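**Student:** All I have is the shape, not the residue letters:
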């Protein structure tokens, strides 16, 4: 005896047509599966940003409000340990700065002792003030944010405001003052 599945759906369960019950259950299973998938997508989207020790070194970080101003922690052998002294290079958009005692923690950055060129640059006074603040402030709070394909770095600046830096690509030691390698000089 062969049973037809449609015949099994005829009739009612507690006064409700069986076909309606099976349809509602099917829709609920699909909605549950979609909900579980969306929850997993949300969880992946809220993943922690990369650790500072992995994301910051070897990259040029351009000041969001003045992209000509930037800093970098060049990747060097032996400087990978958290808090170990490392070189720092950068520009306020006009003057170059440099140092050997920068320290990168999990959520802090200390510029350390820095030197700089001292040209008169009226168009970059705000960036110069910011970098002078960071050089003299000791360890400042650092926060990385990941959004889409970009990572932004935020440092706690003067007046407790967060100052945003954008990843401007890999740092090259042979880059020119703008960090773009245009003049081939030391940067």
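**Tutor:** Arrived safely, thanks for sending. These numbers were taken from a predicted model, which means no experiment stands behind them. Residues are numbered from 1 along each chain as shown.
**Student:** And residue 95, how close does it get to residue 125?
**Tutor:** Separation of residue 95 from residue 125 (CB to CB, to the nearest Å) stands at 11 Å. Bear in mind the C-beta positions are built from the backbone N, C-alpha and C, glycine included.
**Student:** Please tell me how far the most centrally placed residue in the chain sits from residue 141.
**Tutor:** Centrality entry for the chain: nearest residue to the mean C-alpha point is residue 151, 2.6 Å, by CA atoms, centre = their mean. Relative to residue 141, residue 151 is positioned 17 Å away (CB to CB).
**Student:** Residue 31 now?
**Tutor:** Distance from residue 31 to residue 141, by CB to CB: 43 Å.
**Student:** Of those two, which one has the most company?
**Tutor:** residue 141 (15 against 10; other CB atoms under 10 Å).
**Student:** Isn't the more buried one up against residue 153?
**Tutor:** No - between residue 141 and residue 153 there is no contact under CB atoms under 8 Å: 11.2 Å.
**Student:** now the strands for the chain?
**Tutor:** Under the criterion DSSP state E, strands of the chain are mapped to 12-13, 16-17, 59-63, 66-72, 85-92, 96-104, 108-110, 114-116, 139-147, 150-156, 162-170.
**Student:** what is in contact with residue 141 and residue 153 at once?
**Tutor:** By CB atoms under 8 Å, 6 or more residues apart in numbering, residue 141 and residue 153 have no common neighbours.
**Student:** can you give me the mean pLDDT across stretch 85-103?
**Tutor:** Mean per-residue pLDDT for stretch 85-103: 93.
**Student:** Stretch 58-68 too?
**Tutor:** 95.
**Student:** Residues contacting it, please?
**Tutor:** So stretch 58-68 is contacted by 69-75, 91, 93-94, 124, 126-127, 130, 152-153, 163-171, 175, 178-179 (CB under 8 Å, 6+ apart).
**Student:** Separate out the buried members of those.
**Tutor:** 69-74, 91, 93-94, 124, 127, 130, 152-153, 163-168, 171, 175, 178-179 (16 or more other CB atoms under 10 Å).
**Student:** how close does residue 93 get to residue 24?
**Tutor:** In terms of CB to CB, residue 93 sits 64 Å off from residue 24.
**Student:** Spell out which residues make up each domain of this structure.
**Tutor:** The chain is divided into the following domains under automatic domain parsing: 5-45, 52-170.
**Student:** most tightly surrounded among these?
**Tutor:** Here the criterion is mean neighbour count by mean count of other CB atoms under 10 Å, and of the domains of the chain the winner is domain 52-170, at a mean of 17.
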